[in-house]
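Visitor: coords please:
(one chain, ligands or ions: 2)
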Amino acid sequence: MMDVRTLVVNHSPKSIWAEAFRAFRTKILHSKKDSIVKSILFTSASAGEGKSVTVANTAVVLAQTGKKVIILDCDLRKPVQHEIFKKRKTNRGLTNFLNGECSISDIVQDTGIPNLRLITSGPILFNPSELLDSDKVEEAIFSLKSQADYIIVDSPPVLPVTDACILGSKVDGIILVVGVGKVQPEMALRAKEHLETVNGNILGVIINRSDTFVEQSAYYHYCENVEKAAN
Ligand SMILES: Nc1ncnc2c1ncn2[C@@H]1O[C@H](COP(=O)(O)OP(=O)(O)OP(=O)(O)O)[C@@H](O)[C@H]1O
Ligand SMILES: [Mg+2]
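Guide: Ligands and ions are numbered 1, 2, ... in the order given. Got it, this is the predicted structure:
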């Protein structure tokens, strides 16, 4: 399907993939969780499982319902949201805010898509974990929550680096993206355990790239039970 990172929900809105994202959107919009979930972190056990593509497409379909959405690119190691939304890499982004160089309003960019705004990573610095483990991140999320219905957060994978766990403790909910054929089920479960040790609220799992071993009608699955998804 997507050999490059694409907004499939925009250029192929009638495809099964776009439909899968809309089905996922329904789960988010009508979640039966007790607490209000406005900030959602997307992460995965290992690299390349489809976090960033899932973040971008989920944010677009949510915005299409009229909800105000802001993507926050917290992958300060391999950020790609600026590429997906065709923004200049040199634009000011999250790291500029975290370094105290500017305010939140200076880094929120329009995407050209109604209701959807974007905060890019900003310049890559040598200490991403330390930058993320600061009150400034909470300040950013708190401030953005007053400006939007949903904050959709992209992040690095859980097992190689600690960034996603740090972020997981600061958001309302977490979606674990599991790339079929990309990750062993045990690793996905280990990632879940890591997130739980920081009291991360795991909302569910997206099974991505399931085309590698089942029929193509199942590109994206959403499941609320991590153990079930891993088996
Ligand atoms: N369902 C899918 N079908 C085909 N290709 C996909 C699918 N999902 C993602 N990809 C492709 O896999 C690659 C990695 O996707 P993506 O960048 O979203 O992963 P990631 O988990 O964010 O990676 P990283 O850990 O490097 O941040 C991209 O080229 C993307 O287009
Ligand atoms: Mg990514």
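
Visitor: who touches residue 172 in this structure?
Guide: Taking CB atoms under 8 Å, 6 or more residues apart in numbering as the contact definition, residue 172 lies against 35-40, 201. Where C-beta positions appear, they are placed from N, C-alpha and C, glycine not excepted.

Visitor: could you redo those as TSV and give each row pLDDT, neighbour count and secondary structure?
Guide: Output for these, formatted as TSV (pLDDT from 0 to 100; neighbours: other CB atoms under 10 Å; DSSP: H, G, I helix; E, B strand; the rest coil):
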residue	pLDDT	neighbour count	secondary structure
35	80	9	coil
36	88	9	coil
37	94	16	coil
38	96	16	coil
39	97	21	strand
40	97	21	strand
201	95	17	coil
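
Visitor: Cross-check those against ligand 1 and keep the overlap.
Guide: With CB under 6 Å from any ligand atom as the criterion, the contacts of residue 172 include none near ligand 1.

Visitor: quick one: the strands in this structure?
Guide: In the chain, the strands defined using DSSP state E lie at 39-43, 69-73, 109-110, 116-119, 150-154, 173-179, 202-208, 220-223.

Visitor: Quick one: mean pLDDT over the fourth one.
Guide: Throughout strand 116-119, pLDDT has a mean value of 98.

Visitor: Output that strand as PDB, nothing but the C-alphas.
Guide: Provided in PDB are the C-alpha atoms of strand 116-119 (Å, rounded to 0.1, in the frame of the first residue of the first chain):
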ATOM      1  CA  LEU A 116      -5.700  20.400  11.800                       C
ATOM      2  CA  ARG A 117      -2.600  22.100  13.100                       C
ATOM      3  CA  LEU A 118       0.900  20.800  13.500                       C
ATOM      4  CA  ILE A 119       3.900  21.300  15.800                       C
END
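
Visitor: elements contacting it?
Guide: helix 51-63, strand 69-73, strand 109-110 (3 or more CB pairs under 8 Å, 6 or more residues apart in numbering; DSSP states H and E).

Visitor: To residue 121, which of those lies closest?
Guide: strand 69-73 (4.6 Å; CB to CB).

Visitor: if we can go back for a sec, ligand 2: which of the contacts of residue 172 is nearest?
Guide: Proximity of the contacts of residue 172 to ligand 2 was ranked by CB to the ion; the top entry is residue 40 with 15.1 Å.

Visitor: check contacts around the residue lying closest to the closest one once chain neighbours are set aside.
Guide: Leaving out its chain neighbours, the residue that sits closest to residue 40 by CB to CB, 6 or more residues apart in numbering is residue 173, at 5.0 Å. By CB under 8 Å, 6+ apart, the contact set of residue 173 is 33, 37, 39-41, 201-203.

Visitor: just to revisit the earlier point, switch the contacts of residue 172 over to TSV; also include distance to residue 184.
Guide: Shown next, in TSV, are the contacts of residue 172 (distance: CB to CB, whole Å):
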residue	distance to residue 184
35	32
36	34
37	29
38	32
39	29
40	25
201	24
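
Visitor: That's all I had, so thanks and see you.
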